[in-house]
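1. Structure of the sequence below:
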Amino acid sequence: MKKAKRNPFLQRQRRDFTLGLDVRCDAAELPAHADFYRWAWQALKRAYRRADIGIVLCGEDEARAYNRDYRGKDYATNVLSFALNEGETVWQPQDSLNGDLVFCPAVVAREAAEQGKTVAAHYAHLTVHGVLHLMGYDHIDEAEAEAMEALETTILHQLGYANPYQEDTH
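-> Below is the predicted model:
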């Protein structure tokens, strides 16, 4: 039997981009590690040569505590982004991205149902959105929001997902 050829690109990619997944809750529809990896890689691959991202999936109480403690908002939200050393002047290679994303699967599932999306499509959008936040994108003012939404839409299209901001015309 022939040995499968090793793909040097995939070996290099796995070495240069690590993604950890910590599941701290029960949920009906959770994406696989490979899905999160693919979605995050698509968002960051043009801007960073190296990345280390941690993803936490937690219950509503824990998500609410994070949102309250770090954003001053007392409710569970869909995703939170925590860039390593955000706002500090600590040396790290310019082509390196490090941070964490915290998801609340209960909120993600609820929003997907309300928006008429699949849970996977909503996780894909929120993963791309969260990674863009780690990269420094924001949506505080209208111009930044439009630029970020356009980039999200492009990345999601490349992944095979519909525009998450397009209104349903039914």
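2. residues making contact with stretch 149-158?
-> For stretch 149-158, contacts defined as Cβ atoms under 8 Å, 6 or more residues apart in numbering pick out 42-43, 124-125, 128-129, 132, 137, 139, 162-165. No exception for glycine: its C-beta is placed from N, CA and C like everyone else's.
3. Mind telling me what element the most centrally placed residue in the chain is part of?
-> Among the residues of the chain, Thr127 comes closest to the average C-alpha position under Cα atoms, centre = their mean, at 2.0 Å. Taking DSSP states H and E as the definition, one finds Thr127 inside helix 119-134.
4. List the buried residues in the helix or strand following that helix.
-> Proceeding N to C from helix 119-134, the next assigned helix or strand is helix 142-158, under DSSP H and E. Neighbour-count burial for helix 142-158 flags Met148, Glu149, Leu151, Glu152, Thr153, Ile155, Leu156 (criterion: 16 or more other Cβ atoms under 10 Å).
5. ok, the closest residue to the residue nearest to the centre of the chain other than its chain neighbours - contacts?
-> Distance criterion Cβ to Cβ, 6 or more residues apart in numbering; nearest residue to Thr127, sequence neighbours excluded, is Trp39 at 4.0 Å. Trp39 makes contact with Tyr123, Ala124, Thr127, Val128, Val131, Leu159 under the criterion Cβ under 8 Å, 6+ apart.
6. Could you export these as a markdown table, including pLDDT?
-> A markdown table is the format used below for these (pLDDT from 0 to 100):
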| residue | pLDDT |
| --- | --- |
| Tyr123 | 98 |
| Ala124 | 98 |
| Thr127 | 98 |
| Val128 | 98 |
| Val131 | 97 |
| Leu159 | 98 |
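7. Including distance to Val79, could those residues go into JSON lines?
-> Conversion of the contacts of Trp39 to JSON lines gives the following (distance: Cβ to Cβ, whole Å):
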{"residue": "Tyr123", "distance to Val79": "9"}
{"residue": "Ala124", "distance to Val79": "12"}
{"residue": "Thr127", "distance to Val79": "8"}
{"residue": "Val128", "distance to Val79": "10"}
{"residue": "Val131", "distance to Val79": "10"}
{"residue": "Leu159", "distance to Val79": "17"}
